[in-house]
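1. Generate coordinates for the sequence data below:
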Amino acid sequence: GVPASESQNPLILPLAGHELGHVVWRRKGVKKEFDPVIRSRILQLYKDRWREFATRFNVASLTADRLESDLFLSRIWGQSYRIAQRQLEEVFCDFVGLYVFGQSFLHSFRYLLAPSLGQYRVINYPRLRDRARYLVTLAKKYGLAEIPDYPNSFSEQEPTLSPNDVFILKVADDATEQLFSLLFDLVEKYHGKAEKFDTGT
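-> Reported below is the predicted structural model:
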C-alpha cells in the first residue's frame, strides 16, 4: 500500500506495474522457471567461498560436496537462497513496471523511494541504489532517455547484522547482482497481455 495522502497522486499509478509483476512471478510460471537458476547460483557461490564459509560457521570438518545433503549446511545456504528469491522477485517486478510504463515508472520509483529519510535497508530487497542501477540498465536496453545521476538519488542505512548474517546476505546480494540481467528476457516472455510502454513515435 501507499499513504492515503498519495492516493490521488498520478505519480503513484505506474507503481501498479510493479504489483502486477508479483502476480506474473508467482502465478504465470516465472518463479517455477527461475528458482532452479537461483538455487544453482547460490550453491556455486557457497562452493566458491567454501574456505571462508567453513571457517566462519565452524564446519571445517565438512566438505563442499555436503552442501546439499547435510541439514545444517542446507539451513545456512537456504537462508541466502530465500533472500535471493525475494530480491530477484522484486527486481523482476520493477522490470515489469518499467516494461509497461517506461520512463514514468522511473520517476514514480524515485518519487516514492528517494531521498532516504534515514530508513534501514530491508534485506529481502536489493539495496535501493542497486535496484535503481538495474532499472537504468534495462532502460538503456529499451532506448529510454537517461535520467542524470539516477542511482545516486537513492540511499539507505545498512542493518546491523552478525558477521554470519552478513555473509549470508552478501551471498544473496551477489547472486542477485549476477542474475538480474537474466530477468530481461523473462519479462519479454511472461508479460502476457500487458503491452509495452508507448514511446510516442
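2. packing partners for the longest helix seen in the chain?
-> Ranked by residue count and defined by DSSP state H, the top helix of the chain is helix 71-101. Using 3 or more C-beta pairs under 8 Å, 6 or more residues apart in numbering; DSSP states H and E as the contact test, the elements touching helix 71-101 are helix 16-27, helix 30-48, helix 103-113, helix 128-141, helix 163-179, helix 183-190. All C-beta atoms are positioned from the backbone trio N, CA, C, and that covers glycine.
3. run the last query once more with 10 Å
-> Packing contacts for helix 71-101, counted by 3 or more C-beta pairs under 10 Å, 6 or more residues apart in numbering; DSSP states H and E, involve helix 16-27, helix 30-48, helix 50-56, helix 103-113, helix 128-141, helix 163-179, helix 183-190.
4. Quick one: closest of those helices to residue 72.
-> When the helices and strands packed on helix 71-101 are compared by C-beta to C-beta, helix 50-56 sits nearest residue 72, at 11.9 Å.
5. quick one: average pLDDT of the closest one?
-> Summarised as a single mean, pLDDT over helix 50-56 is 96.
6. which residues are contacting that helix?
-> Under the criterion C-beta atoms under 10 Å, 6 or more residues apart in numbering, residues 45-47, 49, 59-65, 67, 73, 76-77, 163-164, 166-168, 171 lie in contact with helix 50-56.
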